[in-house]
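Student: Attaching a predicted model along with its sequence, questions to come.
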Amino acid sequence: QLQLVESGGGLVQPGGSLRLSCVASGFNLYYYRIGWFRQAPGKEREGVSCILSSDGSTNYADSAKGRFTISRDNAKNTAYLQINNLDVEDTAVYYCAVRYGFRACELSTYEYDYWGQGTQVTVSS
């Protein structure tokens, strides 16, 4: 059974950092494209970043460039999202998602098939 479990969220002050993890089980993450998404209250879910397995290429939303870093450790079947210099606008539930294959790194929710349950990130002073 394919499963994704996010962790690492929490309450952090503006300017702080977090490292989110996404652990995959029931399948080999190597064969999958990984995306990170977030959904703030009252807003649509938006793509933040994605990473391919074939060459490690990445893609970031404009809002994530410079502060977010996506990575993966296929040996641990785990993906990560490092977020630095957090802002209150980053408050959201963060999700990881996957799609089988090595094709282009997409940030649309329609390009992913399996999702985790999300981890809450709250940025507040």
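Tutor: Sure thing, it's come through. Residues are numbered from 1 along each chain as shown.
Student: Distance-wise, check Thr58 relative to Leu86.
Tutor: 20 Å (Cβ to Cβ, to the nearest Å). Using the backbone N, CA and C atoms, a C-beta is placed for each residue, glycine as well.
Student: cool, Gly116 as well?
Tutor: 20 Å.
Student: re the thing from before, higher neighbour count, Thr58 and Leu86?
Tutor: Set Thr58 next to Leu86 and count neighbours by other Cβ atoms under 10 Å: Leu86 wins out with 20 against 16.
Student: give me phi/psi at the residue nearest to the more buried one when sequence neighbours are not counted?
Tutor: Sequence neighbours aside, Val123 is the residue nearest to Leu86 in space, at 4.6 Å (criterion: Cβ to Cβ, 6 or more residues apart in numbering). Dihedral pair for Val123: phi -110, psi 120, per degrees, to the nearest 10.
Student: same check, this time on Thr109
Tutor: phi -60, psi -20.
Student: List the contacts of it.
Tutor: Applying Cβ atoms under 8 Å, 6 or more residues apart in numbering, we find Thr109 in contact with Phe37, Arg45, Gly47, Ala97.
Student: Looking at those residues, which are in helices?
Tutor: Judged by DSSP state H, the contacts of Thr109 include no members of helices.
Student: Save those residues as CSV, and put in distance to Leu18 and neighbour count too.
Tutor: Converted to CSV, those look like this (distance: Cβ to Cβ, whole Å; neighbours: other Cβ atoms under 10 Å):
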residue, distance to Leu18, neighbour count
Phe37, 15, 25
Arg45, 19, 16
Gly47, 18, 22
Ala97, 19, 23
